[in-house]
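Student: how does the following fold in three dimensions:
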Amino acid sequence: MIKETESTTHAGRIRRRMGSTEIPADANGKQLLVNDQNKYKSMMIRAYSSVWMIGGFIFVVYMGHLYIWAMVVIIQIFMAKELFGLLRKANEDKQLPGFKHLNWHFFFTAMLFVYGRILSQRLVNTVTTDKLLYKIVANLIKYHMVTCYFLYIASFVWFILSLKKKMYKYQFGQYAWTHMILIVVFTQSSFTVANIFEGIFWFLLPASLIVINDIAAYIFGFFFGKTPLIKLSPKKTWEGFIGASVTTIISAFVLANFLGRFQWLTCPRKDLSTGWLQCDPGPLFTPESFALPGWLPWKEVHVMPVQWHALGLGLFASIIAPFGGFFASGFKRAFKIKDFGDSIPGHGGMTDRMDCQMVMAVFAYIYHQSFIVAQSVSVGMIFDQIVMNLSYEEQRELYTKIGQIIKDRQFGES
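Tutor: Numbers count the residues shown, from 1 in each chain. Below you'll find the predicted structure:
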């Protein structure tokens, strides 16, 4: 009788668990991620948010380089806001009026320094037709570094003067935390902006691959996920990881062919205007023909050289970039939070969406500078660099020296 009661009680517990929010278990007692019933609601919320984000992203990309840069700045501000809030304490902040503003002063000083260095030459190219404006901009750029330095010193002095007894530990902790945020956010996002002006292609392809990998991992994990991948992210599964990797690499090859057909995506932006771009696509974006075996219905296939490079980006996006997400998961566990914020329904905060993107942006820039730029040098590009970076007097001096070199060689050969 006692055994029957215990058996009935045990069966009742199992039924209650199956009807609760817990994930059902298999015969061996292991939880099956694929049978989680609560995930359907979160999937719909996540899907709606994803549609809106992708739609907005496409619109911004269509608008051009400056609008993409503005989007990156807005994302940075959201990320900084989320990260600043992690270590803030309400009671301490009340005793330190204006201390929050100090963090943002550091933030915008870093923004001025980073983007000033990246966009200075393009700003000069934009105002070359107006002599007065050109002189003003040239002087601003000339003293850009010293201006940023004294703005930082002003923040440093502000911090020292704001030190309050019994609050030193909290204040110095915030000071160190602020600088770590600046390093993480600006060091990586500066590569993103550099990619944008090298050609939207070099921003759009890596960013799209991360989105594709994230969506594919979610879908494969949703329908087939059974084996947990890493303890830092319990919802990540091997099935989702492998399925997403294959999908991302294939997508990279196909997407590069599609994006490489549009000059306004592949041309670098050399100024800060918003007009459409046209340029010589160069050998990187010129399709090459490859003969196929006779038993196939197609005789040949056309492949752009950039598609082979895209495979490298796809491989990194599918295998290494997800570790940015794992790092973020460990970071959140350390602070005992589920998400960095709640600005994106179903996705968490902006930082939750940008963890892998930051890692990918750095790799894309390094890959472009290491393997693409060296292969893309042409007479036209050298001429453009001369026009952009040398003054009129320096161009005349270069012209004279090149002419003299050519004459010397002609006499030497004769």
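
Student: all helices for the stretch 151-300 of the chain, in order.
Tutor: Along the stretch 151-300 of the chain, counting by DSSP state H, counting those that start in this stretch, helices occupy 168-198, 200-224, 238-259, 263-266.

Student: please tabulate these in JSON lines, including the columns mean neighbour count, mean pLDDT and distance to Pro287.
Tutor: Where C-beta positions appear, they are placed from N, C-alpha and C, glycine not excepted. Putting those into JSON lines (neighbours: other Cβ atoms under 10 Å; pLDDT from 0 to 100; distance: least, Cβ to Cβ, whole Å) gives the following:
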{"stretch": "helix 168-198", "mean neighbour count": "18", "mean pLDDT": "89", "distance to Pro287": "21"}
{"stretch": "helix 200-224", "mean neighbour count": "22", "mean pLDDT": "92", "distance to Pro287": "15"}
{"stretch": "helix 238-259", "mean neighbour count": "20", "mean pLDDT": "95", "distance to Pro287": "8"}
{"stretch": "helix 263-266", "mean neighbour count": "18", "mean pLDDT": "92", "distance to Pro287": "13"}
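
Student: domains of this protein: list them as residue ranges, please.
Tutor: Domain segmentation of the chain under automatic domain parsing yields 64-198, 379-414.

Student: which helix or strand in this structure has the lowest average pLDDT?
Tutor: helix 2-19 (a mean of 44; mean pLDDT, DSSP states H and E).

Student: low-confidence regions, the stretch 251-400 of the chain specifically.
Tutor: 346-348, 374-381, 384-385, 387-389 (pLDDT under 70).

Student: buried ones in the following helix or strand past the least confident helix or strand of the chain?
Tutor: Note on helix 2-19: by DSSP states H and E, the next helix or strand toward the C-terminus is helix 39-63. By 16 or more other Cβ atoms under 10 Å, the buried positions in helix 39-63 come out as Lys39, Arg46, Ser50, Phe57, Val60, Val61.

Student: kindly report the same for stretch 297-317.
Tutor: Applying 16+ other Cβ under 10 Å to stretch 297-317 flags Met304, Pro305, Val306, Gln307, His309, Ala310, Leu313, Gly314, Leu315, Phe316, Ala317 as buried.

Student: ok, residues contacting it?
Tutor: 201, 205-206, 209-210, 212-213, 248-253, 255-257, 260, 283-292, 356, 360, 363-364, 367, 371-372 (Cβ atoms under 8 Å, 6 or more residues apart in numbering).

Student: what of stretch 210-217?
Tutor: 50, 54, 236, 240-241, 243-245, 247-248, 251, 255, 317-318, 321-322, 356-357, 360.

Student: distance check, Ile337 against Ser329.
Tutor: Counting by Cβ to Cβ, to the nearest Å, the separation of Ile337 from Ser329 is 11 Å.

Student: buried ones in stretch 106-117?
Tutor: Under 16+ other Cβ under 10 Å, the buried positions of stretch 106-117 are Phe106, Phe107, Thr109, Ala110, Met111, Phe113, Val114, Tyr115, Gly116.

Student: for the third one, which non-adjacent residue is closest in space?
Tutor: Across the structure, with Cβ to Cβ, 6 or more residues apart in numbering as the measure, the residue nearest Thr109 apart from its sequence neighbours is Leu151 (4.5 Å).

Student: ok now stretch 162-181, how far from the chain's centre?
Tutor: Distance of stretch 162-181 from the chain centroid (Cα atoms, centre = their mean, to the nearest Å) equals 29 Å.

Student: CA atoms only: put that stretch into CSV for me.
Tutor: Only the C-alpha atoms of stretch 162-181 are listed here, as CSV (Å, rounded to 0.1, in the frame of the first residue of the first chain):
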residue,chain,number,x,y,z
SER,A,162,35.0,65.0,-7.2
LEU,A,163,36.7,62.5,-4.8
LYS,A,164,34.7,62.2,-1.6
LYS,A,165,35.7,60.6,1.7
LYS,A,166,34.4,57.1,2.3
MET,A,167,33.5,56.9,-1.5
TYR,A,168,37.0,56.4,-2.9
LYS,A,169,36.6,52.7,-3.6
TYR,A,170,33.4,53.2,-5.5
GLN,A,171,34.7,56.2,-7.4
PHE,A,172,37.9,54.5,-8.5
GLY,A,173,36.0,51.4,-9.4
GLN,A,174,33.8,53.5,-11.7
TYR,A,175,36.8,55.2,-13.2
ALA,A,176,38.4,51.9,-14.1
TRP,A,177,35.1,50.5,-15.3
THR,A,178,34.5,53.5,-17.5
HIS,A,179,37.9,53.1,-19.2
MET,A,180,37.4,49.4,-19.8
ILE,A,181,34.1,50.2,-21.5
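
Student: which outside residues touch it?
Tutor: Contacts of stretch 162-181 (Cβ under 8 Å, 6+ apart): 80, 83-84, 86-89, 92, 95-96, 98-99, 102-103, 106-107, 159.

Student: now restrict the residues you listed to buried residues only.
Tutor: Of the contacts of stretch 162-181, these count as buried by 16+ other Cβ under 10 Å: Ala80, Leu83, Phe84, Leu86, Glu92, Leu96, Phe99, Leu102, Asn103, Phe106, Phe107, Phe159.

Student: Leu232 versus the third one, what's the distance?
Tutor: So that's Phe84. For Phe84, the distance to Leu232 - Cβ to Cβ - is 24 Å.

Student: quick revisit: I'd like the helices of the stretch 151-300 of the chain laid out as JSON lines, including distance to Ala138.
Tutor: Output for these, formatted as JSON lines (distance: least, Cβ to Cβ, whole Å):
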{"stretch": "helix 168-198", "distance to Ala138": "20"}
{"stretch": "helix 200-224", "distance to Ala138": "28"}
{"stretch": "helix 238-259", "distance to Ala138": "36"}
{"stretch": "helix 263-266", "distance to Ala138": "29"}
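
Student: Phe222 is in contact with Ser42, isn't it?
Tutor: No. Using Cβ atoms under 8 Å as the test, Phe222 is too far from Ser42 to be in contact (10.0 Å).

Student: what helix or strand is the closest residue to Phe191 other than its chain neighbours on?
Tutor: Using Cβ to Cβ, 6+ apart and skipping residues adjacent in sequence, the residue nearest Phe191 is Tyr365, 4.0 Å away. Element membership of Tyr365, judged by DSSP H and E, is helix 350-367.
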